[in-house]
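Asker: The following block contains a protein sequence and its predicted model.
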Amino acid sequence: MDYFVTGGTGFIGRHLVELLLARGGCVYALVREASVPRLEALRRRWGVGADRVVTVVGDLEQPLLGVEPSLLARLRNRVVHGFHVAALYDMAADAKSLEVANVRGTWHAVQLANASEFEHFHHVSSIAAAGRYPGVFREDMFEEAAGFDDPYFRTKHAAERVVRRECRVPWRVYRPGIVVGHSMSGEMDKVDGPYYFFGLLRRAAAALPIGLPLVGVRGAPLNIVPVDFVAQALDHIAHADGLDGRTFHLVDPEPLCAGDTLNAFARAARAPRFALQLGTSGTDRAPSTLRSAFVDTTLRAAGELVNLEFGIPARVVSMATHRTRFDCRATTAALAGTGIEVPRLEDYADRLWNYWEENLDADTRFRPGLARAVRGKVILVTGASAGIGRAAALKLGAAGAEVVLVARSADRMETAKAAIERAGGVAHVYSANLLNLEECDLLAKRVIDDLGRVDVLVNNAGHSIRRSLELEYERFYDYERTMQLNYFGALRLILAFVPGMRARGSGQIVNVSTMGVQTSGPNFSAYLASKAALDAFSRSAASELLGDGIAVTTVYMPLVQTAMAAPTELWDLAYALTPAQGADLVCRAIERRPKRVTLAVGLLSEAAYLLAPGAMDAGMNVFYRLFPDSARARGETEQSRGRSDRVGVIERLVPGLRLTRTR
């Protein structure tokens with residue numbers, strides 16, 4: 001059978017098309033002229049069967065979707081299922097744009113379905129079509145909807161009315177909840193809905209200990225569903241017999257409240273959670289006018305505040321007050337026995353967070369002086385696929401640098417490159433394993449051959465090991481591998497690029513070290529030795545290169561929330577910068593070209609060790625005994641670890657106390 005799909009390049013649409021292709025037949029995909037390249041890129045993703053996707057150039061704003069008469073005749077009596085998925089869902093969109101895309105676009109899609117005599121027309125609506133109905137909204141309800149103060153709610157209800165009144169072919173309506181990324185891969189196409197709060201969670205994780213209990217508001221249920229559930233439910237219900245003229249709520253039967261939703265994402269972000277949540281049942285029992293005055297008005301003001309302070313649309317905050325509950329018994333019955341069901345948010349929140357952090361987090365803020373310092377320069381950043389390296393590359397690219405991304409994972413660097421290009425920058429991707437010195441040499445040759453030069457080299461790639469000397473007696477390779485990457489790999493690149501810098505009479509080497517070199521903490525002898533070696537080389541080489549216009553800068557990086565730090569539960573108790581904040585230190589090094597970039601605590605530690613080395617050793621010995629090796633460092637499996645590092649610390653601080661492990 002053949003299909004016609006609007007919004008096939010959109011987030012839900014691309015997953016739906018993939019499922020439809022698996023059923024055989026052709027898929028006629030309506031796209032705007034500007035979206036044709038995007039559709040072609042999706043063909044590569046869809047793989048086998050993608051040649052059965054027929055490109056239909058059109059526009060939601062045009063009658064009959066702008067489909068040419070010759071194609072219109074071809075579609076007649078061929079399309080079994082027409083899916084209208086295209087719509088504007090944007091928490092920051094204005095009323096006029098929503099009206100054009102959601103209402104007028106639906107009217108033109110219905111026109112096409114009638115003219116081409118589709119056997120079935122499937123309209124993807126939204127739970128927003130219920131407005132702010134005060135109670136349980138059933139799947140067979142429509143006219144009962146109320147409370148359309150939000151233009152998105154109003155246009156989704158109006159679009160559904162068009163289908164019900166004007167569609168002459170059998171139709172079905174689907175109302176998804178708040179659609180987030182794929183429950184397995186975490187894939188998402190943009191920052192919207194709950195994703196607006198991820199930046200705040202990251203700030204909270206950087207500023208506050210993970211164990212700090214917070215007080216918040218429980219809020220209303222947030223009906224969140226992953227895109228794979230929505231696409232699978234659409235595909236199955238659309239092909240089931242005897243369901244025409246019905247509506248299906250593609251929602252979570254047991255949605256979490258706003259407070260628990262934030263806690264699920266806070267856990268993934270390693271941020272403190274809301275241990276005490278103030279309920280709203282008392283306000284719900286209050287008279288509607290009183291509730292509006294004392295609750296809704298307050299939250300509306302809060303929405304305006306976060307919009308001004310953090311750029312979060314006030315409409316997003318209002319989701320926490322949406323009291324409508326959605327019955328989904330018809331959907332549950334239609335999906336019975338298929339295995340298609342909404343997964344628990346707690347089970348995939350970490351995947352959503354990780355994908356956002358690696359692909360959508362785009363903190364491009366930079367100081368004006370950085371643009372003057374880097375515009376037109378070629379800057380190579382190692383370890384650029386994630387963490388500090390990715391964040392620094394994004395800021396440098398947005399400031400006008402031509403950024404060279406270097407890491408092992410080409411796929412992850414491609415997403416970083418795409419983010420840099422979205423921010424207006426220029427980026428190149430080079431995959432290399434810097435543990436292999438031959439690959440270091442080959443990388444340098446390829447970059448020079450392709451780009452001609454490197455003006456700034458940022459040695460950011462590194463590997464850390466937290467393991468006490470007692471556990472290193474039979475693990476000499478720990479010292480070898482840290483030296484190989486942290487020292488020899490960086491040194492190989494320096495020796496490859498410095499001759500060109502000398503010939504041009506300008507350049508900079510930025511080595512990302514660690515504040516641990518200044519504090520000389522225990523359990524890091526392998527890691528700190530490798531970083532100290534690079535520091536010693538830098539101090540010696542800097543005096544030789546000074547006359548050639550080449551600056552050598554060491555960034556003594558404090559603890560940062562990265563994948564390298566995540567396995568050590570001890571760091572849950574410590575203050576940590578976000579990758580974007582760590583990148584700011586790298587950018588400061590490039591902008592100002594100082595001898596070193598460090599924080600006050602690093603300088604104080606150096607001074608204390610210089611003045612009283614014995615006292616510093618004694619203090620660090622206490623730290624060493626209080627925070628022993630983690631279960632991971634001891635080589636224990638997840639099942640045999642038993643009590644967490646964090647619990648162990650508390651027990652040692654309070655003699656005689658025994659706690660139950662929680663995570």
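Answerer: Perfect, I can see it now.

Asker: alpha carbons only for contacts and neighbour counts from here, please
Answerer: Fine.

Asker: Tell me where this structure is predicted with low confidence.
Answerer: 90-92, 279-321, 362-363, 365, 561-575, 631, 636-663 (pLDDT under 70).

Asker: Can you identify the helix in it that spans the most residues?
Answerer: Longest helix in the chain, counting residues (DSSP state H): helix 525-545.

Asker: List the buried residues in that helix.
Answerer: By 16 or more other Cα atoms under 10 Å, the buried positions in helix 525-545 come out as 525-532, 534-535, 538, 542, 545.

Asker: Among those, which one sits closest to N77?
Answerer: Nearest to N77 out of these is Y527 (Cα to Cα; 69.1 Å).

Asker: who touches that closest one in this structure?
Answerer: H463, S464, I465, R466, Y479, T482, M483 (Cα atoms under 8 Å, 6 or more residues apart in numbering).

Asker: and the next element down the chain from the longest helix of the chain?
Answerer: strand 550-557 (DSSP states H and E).

Asker: so how far is that next one from its chain's centroid?
Answerer: Relative to the chain's own centre, strand 550-557 is displaced by 30 Å; criterion: Cα atoms, centre = their mean, to the nearest Å.

Asker: any idea where the strands of the stretch 351-500 of the chain begin and end?
Answerer: 378-382, 402-407, 426-431, 456-459 (DSSP state E, counting those that start in this stretch).

Asker: And the contacts of Y527, which two are furthest apart?
Answerer: Those two in the contacts of Y527 that are separated most widely, counting by Cα to Cα, are R466 and M483, at 14.6 Å.

Asker: For those two, indicate the residue with more neighbours.
Answerer: Applying other Cα atoms under 10 Å to R466 and M483 shows that M483 carries more neighbours, namely 24 against 20.

Asker: Wait, that one touches S530, no?
Answerer: Yes. Contact criterion Cα atoms under 8 Å: M483 and S530 qualify, at 4.9 Å.

Asker: Format the strands of the stretch 351-500 of the chain as JSON lines; extra columns: distance to V191.
Answerer: Formatted as JSON lines, these follow (distance: least, Cα to Cα, whole Å):
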{"stretch": "strand 378-382", "distance to V191": "26"}
{"stretch": "strand 402-407", "distance to V191": "24"}
{"stretch": "strand 426-431", "distance to V191": "22"}
{"stretch": "strand 456-459", "distance to V191": "29"}
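
Asker: which stretch among these comes nearest K190?
Answerer: Nearest to K190, of the strands of the stretch 351-500 of the chain and by Cα to Cα, is strand 426-431 at 20.6 Å.

Asker: Which strands and helices lie in contact with the closest one?
Answerer: The contact analysis (3 or more Cα pairs under 8 Å, 6 or more residues apart in numbering; DSSP states H and E) places strand 426-431 against strand 402-407, helix 410-422.

Asker: Quick one: end-to-end distance for stretch 469-479.
Answerer: One end of stretch 469-479 to the other measures 11 Å (Cα to Cα, to the nearest Å).

Asker: got a list of what the residue nearest to N459 when sequence neighbours are not counted touches?
Answerer: Using Cα to Cα, 6 or more residues apart in numbering and skipping the chain neighbours, the partner closest in space to N459 is N511 (4.9 Å). Shown in contact with N511 (Cα under 8 Å, 6+ apart): V458, N459, N460, L534, V552, T553, T554, V555.
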